[in-house]
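Participant: What follows is a predicted protein model with its sequence.
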Amino acid sequence: MSRGPQPSADIYRQRLATFEVEEKRLGRISFRYSLLRGGLFFGFAGCLAVILVRAGSAFLPGWWVAAAVWLVAFFAVLPVHDRVIAAMRRAADLRTLNEEALHRLARAWERLPVPQTVVEGVDGHLARDLDLFGRASLFQLLGTVHTPPGKASLAGWLLRPAAPAEIAGRQEAVAELAPEIDFRQQMEVRARPLDRVPPDTDRFLEWAEGEPWLLPRRGLLWLTRLLPLITIGLLVAAGISDVPVGPGLFFVVVNLMLTRNLRERLEETLNRVSAREGELLRYAEAMEVAVGRPAEAEVLQKNVSLLSPEGVPAHRWMDLLHRRVVMSDARHSTLLHVFLQLLLLWDFHMVWRLERWQRDAGPRVRDWLAALGEIEALNALAGLSFDNPGWAFPTVATDESRITARDLGHPLIAAEHRVGNDVEVGPPGTFLLVTGSNMSGKSTMLRAVGINAVLALAGGPVCAAEMRLPPVEIATSILIEDSLAAGVSFFMAEVLRIQAVVAAADRSAAEGRRLLYLLDEILRGTNSSERQVAVRRVVRHLLRHGAIGAISTHDLQLAEIEELRAVSRPVHFRETIHPGGQGPAMTFDYKMRPGVATTVNALKLMELVGLSAED
């Protein structure tokens with residue numbers, strides 16, 4: 001696996017420079033349009049001033065024409081200038097995306113936004129132990145998802161292992177999207193505004209998936225169609241013939257009474273749609289990009305088809321709804337609305353048109369959002385694959401009984417600092433015992449196994465040259481915290497975490513699945529003799545239930561227990577001490593070696609911070 005500079009870095013720098021130049025070019029054009037708009041406005045204002053000054057002396061048709069020309073030219077320039085401004089902002093956003101991509105490659109976490117996500121009903125301990133969310137996390141590394149459905153999809157994939165067939169389908173889609181950098185960034189730049197102010201679509205979905213009010217009432221529907229025809233017909237007849245106007249006015253009153261009786265129901269529907277339709281419309285541009293590229297992978301084809309029901313793309317359905325909402329907003333113009341309502345029963349026709357949309361497209365809206373979210377999550381995994389061409393797509397198969405990985409590294413460590421190791425966890429009936437002195441890399445190794453398993457089970461690439469594993473549920477006990485507020489000591493917190501791991505092993509065995517457990521410095525909160533007894537019990541239970549996993553410790557006496565020695569595969573990390581001379585007194589190579597650790601460094605570390613042996 002490559003440890004040198006990623007070739008993607010050169011591509012990002014080139015794109016960064018291109019969009020920076022484009023942003024400046026469009027900025028210059030926008031500035032010229034601003035001057036033009038100012039000139040046109042002052043031309044109009046000048047003509048208007050002349051007209052006002054000389055209004056009392058003579059009629060000035062030439063100046064009126066000139067003022068009209070200046071004003072028309074001013075308004076004609078506005079939409080052109082707006083398009084230039086929009087293009088300039090998009091170029092700026094694309095420049096920012098490529099800057100952030102370079103920061104992700106360098107793992108410069110402080111220069112990257114921290115994506116916010118809330119996932120219900122998940123193991124928060126697992127997420128913290130493996131750095132799945134928050135700053136310097138896997139989710140931040142995959143930080144190209146911006147819509148709420150995209151974040152929910154990606155977070156769900158990281159926390160809920162998929163079946164092998166589903167994983168293979170995602171891998172195919174990720175491999176297809178990885179080289180499509182322009183597609184991925186065009187989609188991201190359109191979804192990015194949704195990150196700043198996430199749309200609240202829940203209330204709109206309540207209406208879209210609800211039952212129409214007017215459509216099922218066929219009698220009322222036909223009545224609201226016939227009454228305007230009769231009303232207008234009688235009023236027109238009264239205007240062009242000797243037909244009295246009374247019958248026409250009678251039907252105007254009928255329209256008024258019908259409107260008054262059903263006014264609350266009409267306004268409820270119109271206001272509900274008008275207030276929430278804009279939330280859905282904000283997804284339209286991202287959906288338009290999503291369906292604009294031919295899909296080959298089955299997962300992508302499925303999601304694109306969901307975004308194009310019956311050949312009509314979702315963004316066109318949204319545009320249709322928007323046009324109907326704009327027409328219904330005539331009710332906000334009082335005089336116009338009174339005229340339209342008394343003659344045409346306008347609100348009834350608008351509700352009918354909106355409910356036709358509700359009937360034809362409403363039940364599909366949730367699928368549109370879910371499909372967009374999945375494509376966005378696949379794009380994030382594809383970006384990870386593009387950024388790290390040396391990473392492999394793992395093999396996840398039910399006939400695998402162990403995890404094997406070649407050159408496995410921690411994906412959150414920058415490539416130039418990352419050290420890879422060949423790792424094997426399992427088969428059932430054995431466990432990996434990781435020993436070594438402080439700071440040597442034991443915890444990082446456990447996290448590397450866990451976070452790469454998460455990536456593998458989500459359908460993404462892993463930070464390894466090669467990896468094979470069974471579908472597993474993951475349980476961890478790595479970061480332990482006591483709680484003064486809850487009255488939980490450090491040791492009790494450890495016990496509760498171990499209890500959760502044991503319960504996960506029981507549950508996985510009962511459901512025919514396999515558990516991967518990762519226990520760091522197991523039961524460090526008690527004395528050595530009790531620790532040995534407790535560890536034996538825990539290990540026996542996990543092995544009996546077919547779980548595979550790794551346990552790290554710096555207590556070398558655990559490795560000497562005969563019962564554990566028979567089922568463990570010991571590996572270790574070590575340090576190198578440099579007595580005297582220049583440079584650091586102690587270094588670590590983070591390479592994993594077979595066997596139990598042969599060195600300790602606690603006292604040496606104390607000396608390095610100024611605590612001598614005598615102290």
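Facilitator: Received the coordinates, thanks. Numbers count the residues shown, from 1 in each chain.

Participant: CA only for contacts and neighbour counts going forward, please
Facilitator: Noted.

Participant: mind giving me the domain ranges of this structure?
Facilitator: Per automatic domain parsing, the structural domains of the chain span 1-106, 122-387, 395-608.

Participant: Which one, of those domains, ends up nearest to residue 116?
Facilitator: domain 122-387 (7.6 Å; Cα to Cα).

Participant: any idea of the mean pLDDT for the closest one?
Facilitator: Mean pLDDT, domain 122-387: 93.

Participant: mind checking how far that domain is from the chain centre?
Facilitator: Per Cα atoms, centre = their mean, to the nearest Å, the displacement of domain 122-387 from the mean C-alpha position of its chain is 19 Å.

Participant: Same check on stretch 545-563?
Facilitator: 39 Å.

Participant: do stretch 459-468 as well
Facilitator: For stretch 459-468, the distance to the chain centre is 22 Å (Cα atoms, centre = their mean).

Participant: Check stretch 390-400 too.
Facilitator: With Cα atoms, centre = their mean, you get 25 Å for stretch 390-400.

Participant: Need the contact partners of stretch 362-369.
Facilitator: Identification of contacts with stretch 362-369 by Cα atoms under 8 Å, 6 or more residues apart in numbering yields 149, 205, 207, 208, 209, 306, 307, 314.

Participant: Secondary structure element holding the second one?
Facilitator: Spelled out, that is residue 205. helix 202-208 (DSSP states H and E).

Participant: Return the list of helices and strands in contact with that helix.
Facilitator: helix 246-281, helix 346-360, helix 365-387 (3 or more Cα pairs under 8 Å, 6 or more residues apart in numbering; DSSP states H and E).

Participant: winner for burial among these?
Facilitator: helix 365-387 (a mean of 24; mean count of other Cα atoms under 10 Å).

Participant: Give the next helix or strand downstream of it.
Facilitator: strand 395-396.

Participant: just checking, what packs against that next one?
Facilitator: strand 466-469.

Participant: Return the list of helices and strands in contact with the strand it packs on.
Facilitator: strand 395-396, strand 403-408.

Participant: And the pLDDT at residue 485?
Facilitator: The per-residue pLDDT reported for residue 485 equals 62.

Participant: Please read the previous query as pertaining to residue 610.
Facilitator: 61.

Participant: rewinding a little: could you dump the helices and strands packed on strand 466-469 into a markdown table with mean neighbour count and mean pLDDT added?
Facilitator: Formatted as a markdown table, the helices and strands packed on strand 466-469 follow (neighbours: other Cα atoms under 10 Å; pLDDT from 0 to 100):
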| stretch | mean neighbour count | mean pLDDT |
| --- | --- | --- |
| strand 395-396 | 21 | 97 |
| strand 403-408 | 21 | 98 |
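
Participant: and of those strands, who's closest to residue 298?
Facilitator: Comparing these by Cα to Cα, strand 395-396 comes nearest, at 18.5 Å.

Participant: Which neighbours in the sheet does that closest one have, and how are they oriented?
Facilitator: Paired with strand 395-396 in the same sheet, following DSSP bridges, are strand 466-469 (parallel).

Participant: What would the strand it pairs with look like as PDB? C-alpha coordinates only.
Facilitator: Extracted in PDB, the C-alpha atoms of strand 466-469 (Å, rounded to 0.1, in the frame of the first residue of the first chain):
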ATOM      1  CA  GLU A 466      -5.800  -6.900   1.100                       C
ATOM      2  CA  MET A 467      -8.400  -7.900   3.600                       C
ATOM      3  CA  ARG A 468     -10.800 -10.800   4.100                       C
ATOM      4  CA  LEU A 469     -13.400 -11.100   6.900                       C
END
